[in-house]
Every structure is written in C-alpha cells, then in structure tokens.
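Enquirer: Starting from these lines, generate the structure:
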Amino acid sequence: MGIKAALPRYELYLYSAVLGVALIWAGSWIFEASSDNANRKTFKESVRPGWHYFGRKMDVSDFEWAMWFSTFRNHILFALTGHVIVAKIYSLVAPKVCTDR
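Expert: Okay, the predicted model is just below:
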C-alpha cells in the first residue's frame, strides 16, 4: 500500500485542462473527417438519416455485426449458457482467486 500523496490542486486543474483540450481537439478531427466523407458515392447506400440529435448521418453498414448475428442467432442461448456454466465451475474450483479481485 505505502504512503499516498495527493497532487497539488493547481496540478490537477492543469492536467484536467490539458485532457479536456486534447479530447475536444480529437473530437474536432473526427467531426471534420466524417463531414468530409459523408457525401461520397461509395457511402451513399450505407448511410441513412439518423443521429437526429447531432444532425449527422448514421452508418448502417456494420457488416461484421450483421454477419455474426445472422450466423449465430440460433446458438446464442447455448453460448450464453456455456459461459455461465464455465464461470460457475471456475468459481467452485478456485473460489479464492475469484473473490480476491
């Protein structure tokens, strides 16, 4: 454990300000990139009006999600049951490891 020293208040404010500016700057780059590419012909069929809070278009071309969901839709209950059973077996076999975290 050791001794924990608190940082000075002005240093915490400085770190918070730097983090806030960095997040705003990164967000502006993402907004600019999506605005530049929103009207490309290759994306016309994969975006539709959406995100009405921000006035942006919504990407509906999530191929990976659609592929996994359509492939394993019938097996999802079996997979979730398997996860629960393995977790229960692990917690019975090694209870100290499961509760120390």
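Enquirer: all helices of the protein, in order?
Expert: 9-37, 63-72, 76-93, 95-99 (DSSP state H).
Enquirer: how many neighbours does residue 85 have?
Expert: For residue 85, the tally of surrounding residues (other C-beta atoms under 10 Å) stands at 10. For the C-beta atoms, the positions are set from N, CA and C on the backbone; glycine is no exception.
Enquirer: Residue 93 too?
Expert: The burial count for residue 93: 9, using other C-beta under 10 Å.
Enquirer: repeat for residue 23
Expert: Using other C-beta under 10 Å as the criterion, the residues surrounding residue 23 number 10.
Enquirer: Roughly how far does it sit from residue 29?
Expert: 11 Å (C-beta to C-beta, to the nearest Å).
Enquirer: Same question for residue 69.
Expert: Separation of residue 69 from residue 29 (C-beta to C-beta): 31 Å.
Enquirer: ditto for residue 83
Expert: In this view, residue 83 and residue 29 are 38 Å apart by C-beta to C-beta.
Enquirer: Likewise for residue 70?
Expert: From residue 70 across to residue 29, the span is 34 Å (C-beta to C-beta).
Enquirer: Repeat that for residue 76.
Expert: Residue 76 is 37 Å from residue 29, by C-beta to C-beta.
Enquirer: Spit out the contact partners of residue 72.
Expert: residue 79 (C-beta atoms under 8 Å, 6 or more residues apart in numbering).
Enquirer: what about the protein, any weak spots by pLDDT?
Expert: By pLDDT under 70, the low-scoring segments of the chain are 1-3, 37-66, 96-101.
Enquirer: Can you tell me how far residue 92 is from residue 86?
Expert: In this view, residue 92 and residue 86 are 11 Å apart by C-beta to C-beta.
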